[in-house]
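**Q** Test case, fold it:
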Amino acid sequence: MSNIEIFGYARVSSKDQNLNRQIDELKKYVKNEENILFDEQSGKDLERPGYKTLCLRLRKDDILYITELDRLGRNKNDIKEALTYFKKKGVIIRILDIPTTLMDFKGFGNMQKTIMDMVNSILIEVLSTQAQQEREKIKKRQKEGIEAARLRGKHLGRPKMDYPKDWYKFYSEWKAGERTAVSVFKYFGMSKNTFYRMVKNYEKHFDIKKGDN
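**A** Next up, the predicted model:
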């Protein structure tokens, strides 16, 4: 048991994004900072240097912490592939926003552990499917909004308001519930009122309804 190591993994979609929030959360559980690996690139697939290094270092009975399920990947198949790999390798996964995965089973009988493993598997299946559906829904509605604007003869370029770099990416993640409004407007260094004014202008431009999130 003394050879068990605790790891953390963090990911953001690009170098423009900030890893600090995830890493600060992981440090609460991973005392050796060298065991916190990360990637600053899209989760479109599992071909990421930090992730690959993590897989090589993990051993049976090691514990891996991540802040959210979609830090492993951006689609259901990749998430399931990663979780299946870790399970076969005997790695224990702790996902901070899925409380049942944080339970310590030392002192639990085999039956209780089996039941909790089943609960966690169901939660992971549901959440990974939901995350993918949300991203697909946002993309679909964005395209529908652009097409509706085109049919009405509206201007289809950038909205007249000057938006910061990567606005669409951050806006989409906020609409999908992957980011909070506070984290977005703090990242861009704008006020709350400015953020919501930009959101209103952007959604009006592309005819995105308020409930489309």
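**Q** so how far is residue 6 from the residue nearest the centre of the chain?
**A** Of all residues in the chain, the one closest to the mean position by C-alpha atoms, centre = their mean is residue 70, 3.6 Å from it. Distance of residue 70 to residue 6, given as C-beta to C-beta, to the nearest Å: 21 Å. The C-beta positions use only the backbone N, C-alpha and C, and glycine is treated the same way.
**Q** just to revisit the earlier point, reduced to three states, what does the residue nearest to the centre of the chain come out as?
**A** helix (DSSP: H, G, I helix; E, B strand; the rest coil).
**Q** how far is the longest strand along the chain from where the chain is centred?
**A** As assigned by DSSP state E, the longest strand anywhere in the chain is strand 6-12. Computed by C-alpha atoms, centre = their mean, to the nearest Å, the chain-centroid distance of strand 6-12 equals 12 Å.
**Q** what do you get for stretch 168-184?
**A** For stretch 168-184, the distance to the chain centre is 11 Å (C-alpha atoms, centre = their mean).
**Q** before we move on, back to that, by contact count, what packs against the longest strand of the chain?
**A** Counting contacts by 3 or more C-beta pairs under 8 Å, 6 or more residues apart in numbering; DSSP states H and E, strand 6-12 packs against helix 20-27, strand 36-40, helix 49-57, strand 63-66.
**Q** Give me the contacts around that strand.
**A** Residues from elsewhere that reach strand 6-12 (C-beta atoms under 8 Å, 6 or more residues apart in numbering): 18-19, 22-23, 26-27, 29-32, 35-41, 43, 48, 50-51, 54, 57-58, 62-67, 71-72.
**Q** Please repeat the previous calculation with a cut-off of 7 Å.
**A** Residues outside strand 6-12 that contact it (C-beta atoms under 7 Å, 6 or more residues apart in numbering) are 18-19, 22-23, 26, 29-30, 35-40, 43, 51, 54, 57-58, 62-67, 71.
**Q** can you give me the angle it makes with helix 49-57?
**A** 160 degrees (axes from the mean of the first three to the mean of the last three C-alpha atoms, to 10 degrees).
**Q** after the one helix or strand in the chain whose mean pLDDT sits lowest, next one along is what?
**A** Lowest on mean pLDDT, DSSP states H and E among the helices and strands of the chain sits helix 110-151, with a mean of 66. Next helix or strand after helix 110-151 toward the C-terminus (DSSP states H and E): helix 167-175.
**Q** hang on, the earlier thing: can you go through the contacts of strand 6-12 and name the buried ones?
**A** 19, 22-23, 26, 29-30, 35-40, 43, 51, 54, 58, 62-67, 71 (16 or more other C-beta atoms under 10 Å).
**Q** Below-threshold pLDDT in the protein: ranges please.
**A** 1-2, 105-117, 119-120, 123-124, 127-128, 130-135, 142-161, 205-213 (pLDDT under 70).
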